[in-house]
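Novice: structure for this input, please:
(2 chains)
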Amino acid sequence: MTAPRLVVVSAGLSTPSSTRLLADRLTEATRSALAAGPAEPAVDVIELRSLAQDIAARLVSAFPSPALAEALDSVARADALIAVTPVFSASYSGLFKSFFDVLEPDTLAGVPVLLAATGGTARHSMVLDHALRPLFTFLRAEPVPTAVFAASEDWGGTGDALTDTLPARIGRAGAELAGRLEHRRPAPPAAGLTGIVAFAEQLAAVQRH
Amino acid sequence: MQFGVFSVGDNHQDPVTGRAPSEYERIKAMAAIAVKAEEVGFDVFATGEHHNPPFVPSSPTTLLGYVAARTERIILSTSTTLITTNDPVKIAEDYAMLQHLADGRVDLMMGRGNTGPVYPWFGQDIRQGIPLAIENYALLHKLWREEVVNWEGRFRTPLQGFTSTPRPLAGVAPFVWHGSIRSMEIAEQAAYYGDGFFANNIFWPNGHYKELISVYRERYAHYGHGTREQAIVGLGGQTYVRPRSQDAIREYRPYFDHSPVMGGGPSLESYIEQTPLSVGSPQQVIDKTLRFREYYGDYQRQLFNVDAGGLPLKTVLEQLDLLGEHVLPELRKEFANRRSPGTADGPTHAARVAAAEEERQG
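Specialist: Residues are numbered from 1 along each chain as shown, chains lettered A, B, ... in the order given. As a prediction, this is how the structure comes out:
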């Protein structure tokens, strides 16, 4: 089996960014959970900040810039995706949403996804289930059960006494994504002439109604 | 190979002068562009069809009939005729009528339109876009070829003992192109009938139509109309030409920046680099147009859009003069030099009548 492709989309805006930091921790957790398996994943990290203008341009024109096309193609070839956004105004950031808006439909169908978000306070953490999870359900991706929210305080102490610590949640989420990668399905055959419906069949389908 | 001009028929305020032409001015300007196109040596003029502002050409055969009376040689065509929301019976009659008045100088291009609400305005459902295109064209094809038609379908009231009038000139239907930006079904439809396939080739990246055109060629051969190379392919393109390329860029920039399709997105420079848009000297337009052949193979018709986004008529006519004098002769020569043997000619009514005659005599 070829090395699985793990694509990481990070919508953090500053450098260094806690969103990217979380993305890297999740990538590492996935990689170490896979270490026992047959193949080291090939990881591609996409920083949306550097594509911000290209994404905006794509929203108002019919085609992506070469750099954006490369990123979209990378996502299309992903065996698994890690998607991390900062919380902006009670949801994912507009940049994060816009990137998924310009993906071709069905790109993520059936692709396992690890969802994560960062914010100033843990009071935003429901964004994972109220905003991110419905978006990826619409895209027909397959989010793993554990999504990870990192509030500012998580980077210091042990956080809330009633929940697992950030490292524990990262480890669990990474293991879940690794599990999906280990049981990934074979890639569907490439589209091409095989996808053509003969004209007689098209005409018959119209007439059957 | 045929060269022509195609207009969307958009009527925009000129972003440089702020002047907004009236509908009267724009409609007359479209006719003037068509007449000028013939005068400078183009072979085809095609108009869009739209049913909402800021577009003016809702009635293509009225415009083309007027142009037919003022020209002698140029082929009158459409870009596109809405096969989804027009009644195919009316298309059959309108274009056969035009064909008679224009002495056969008529063909047309089927399209599904770019404005969602047109479907409900004409009592149709956009989700049925492809089935409408398939069924309506099947009826249109029959109406032009069979004297008496009995027909029943899903989208239109049935016909019993119906004869579309007038009959096509010399019994030969206008040639039909099918235009599509991404629908394989339409490439397959064009191939099935042995009709032409047209890629608008504006606003989309270089090479965007490779798969569609390749599928069309493959299926054209599959249905026994000829070889892949004999399939009939047309391409669009958009140009702004000046003797010096820096003048072209400087003058065109405000029109690009205010274009409802191109403005606000990628820069003019990246648009020129990534898409078929040519803004520059005659030589740059020639070089870029010759590259289309490298993407799509030998083709039969090249249409240029030269009047979009509020360009004043005077500028458009200057464009046509420059294209006619410096670009067309070179393109004709260079395409002829590169052309593989066995490539089809651009379709004309006279050639189709001759072919039909030959077939009759066996």
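Novice: mean confidence for the strand or helix carrying residue B:337?
Specialist: Residue B:337 belongs to helix B:328-338 when elements are defined using DSSP states H and E. The average pLDDT within helix B:328-338 is 98.
Novice: mind listing what's buried in the strand or helix carrying residue B:355?
Specialist: In this assignment (DSSP H and E), residue B:355 forms part of helix B:349-361. Counting neighbours by 16 or more other Cβ atoms under 10 Å in any protein chain shown, one finds that the buried residues in helix B:349-361 are B:349, B:352. (Glycine included, C-beta is placed from N, CA and C.)
Novice: show me how far that helix is from its chain's centre.
Specialist: 24 Å (Cα atoms, centre = their mean, to the nearest Å).
Novice: what's the burial count for residue 136?
Specialist: In the absence of a named chain, chain A is used. Residue A:136 sits with 19 neighbouring residues when counted by other Cβ atoms under 10 Å in any protein chain shown.
Novice: switch to chain B, please.
Specialist: 25.
Novice: the strands in chain B, which residues?
Specialist: B:2-7, B:44-47, B:75-78, B:81-82, B:107-111, B:149-151, B:159-162, B:175-179, B:196-199, B:233-235, B:239-241, B:278-280, B:301-304 (DSSP state E).
Novice: which elements pack onto the last one?
Specialist: Secondary structure elements in contact with strand B:301-304, counted by 3 or more Cβ pairs under 8 Å, 6 or more residues apart in numbering or on different chains; DSSP states H and E, are strand B:2-7, strand B:44-47, strand B:233-235.
Novice: sheet-wise, list the partners of the last one with their directions.
Specialist: Yep, that's strand B:233-235 we're talking about. strand B:196-199 (parallel), strand B:301-304 (parallel) (DSSP bridges).
Novice: within range of chain B, give me the residues from chain A.
Specialist: Within reach of chain B by Cβ under 8 Å from any Cβ of the partner chain, chain A has these residues: A:57-63, A:65-66, A:193, A:195-200, A:202-203, A:205-207, A:209.
Novice: ok, 7 Å please
Specialist: Counting by Cβ under 7 Å from any Cβ of the partner chain, chain A comes close to chain B at A:57, A:60-63, A:65, A:193, A:195-197, A:199, A:202-203, A:206-207, A:209.
Novice: right, so of the strands of chain B, which gets closest to residue A:178?
Specialist: strand B:196-199 (44.8 Å; Cβ to Cβ).
Novice: what does that closest one rub up against?
Specialist: Residues outside strand B:196-199 that contact it (Cβ atoms under 7 Å, 6 or more residues apart in numbering or on different chains): B:109, B:175-179, B:187, B:190, B:209, B:212-213, B:216, B:232-236, B:347.
Novice: please redo it, this time with the cut-off set to 6 Å
Specialist: B:109, B:177-179, B:187, B:190, B:209, B:216, B:232-235 (Cβ atoms under 6 Å, 6 or more residues apart in numbering or on different chains).
Novice: out of those, which one sits closest to chain A?
Specialist: Of all the contacts of strand B:196-199, residue B:187 has the smallest distance to chain A: 8.3 Å, by Cβ to the nearest Cβ.
Novice: isn't that closest one up against residue B:215?
Specialist: Yes. Residue B:187 is in contact with residue B:215 according to Cβ atoms under 6 Å; the separation is 4.8 Å.
Novice: so what's the model's average confidence on stretch A:87-100?
Specialist: Stretch A:87-100 comes out at a mean pLDDT of 97.
Novice: now swap in stretch B:97-115 and tell me
Specialist: On average, the pLDDT along stretch B:97-115 is 95.
Novice: burial of residue B:250, as a residue count?
Specialist: For residue B:250, using other Cβ under 10 Å, the count is 12.
Novice: list just the nearest of the contacts of strand B:196-199 to residue B:25.
Specialist: Out of the contacts of strand B:196-199, the member with the shortest distance to residue B:25 (by Cβ to Cβ) is residue B:109, at 25.9 Å.
Novice: what pairs with that closest one across the strands?
Specialist: Beta-bridge partners of residue B:109, as defined by DSSP bridges: residue B:177.
Novice: residues in contact with it?
Specialist: B:78-80, B:177, B:179, B:198 are the contacts of residue B:109 under Cβ under 6 Å, 6+ apart.
Novice: okay, these in CSV with pLDDT and neighbour count next?
Specialist: Shown next, in CSV, are the contacts of residue B:109 (pLDDT from 0 to 100; neighbours: other Cβ atoms under 10 Å in any protein chain shown):
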residue, pLDDT, neighbour count
B:78, 98, 29
B:79, 96, 29
B:80, 95, 25
B:177, 98, 27
B:179, 95, 23
B:198, 97, 33
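Novice: please tell me how far residue B:16 sits from residue B:264.
Specialist: Here residue B:16 is placed at a distance of 18 Å from residue B:264 (Cβ to Cβ, to the nearest Å).
Novice: report the secondary structure state of the spatially most central residue of chain A.
Specialist: In chain A, the residue lying closest to the centroid (Cα atoms, centre = their mean) is residue A:83, at 3.5 Å. Judged by DSSP: H, G, I helix; E, B strand; the rest coil, the three-state class of residue A:83 is strand.
Novice: go on, the one 4 residues further on?
Specialist: Local secondary structure at residue A:87 is given as strand here, using three-state DSSP.
Novice: can you report how many residues lie near it?
Specialist: Residue A:87, neighbours per other Cβ under 10 Å, totals 23.
Novice: residues contacting the closest residue in space to residue B:330 that isn't next to it in sequence?
Specialist: Take residue B:330 and drop its neighbours on the chain: the residue closest to it by Cβ to Cβ, 6 or more residues apart in numbering or on different chains is residue B:286, 4.9 Å away. If you count contacts by Cβ under 6 Å, 6+ apart, residue B:286 has them with B:327, B:330-331.
Novice: between the residues you listed, which has the most around it?
Specialist: residue B:327 (25 neighbours).
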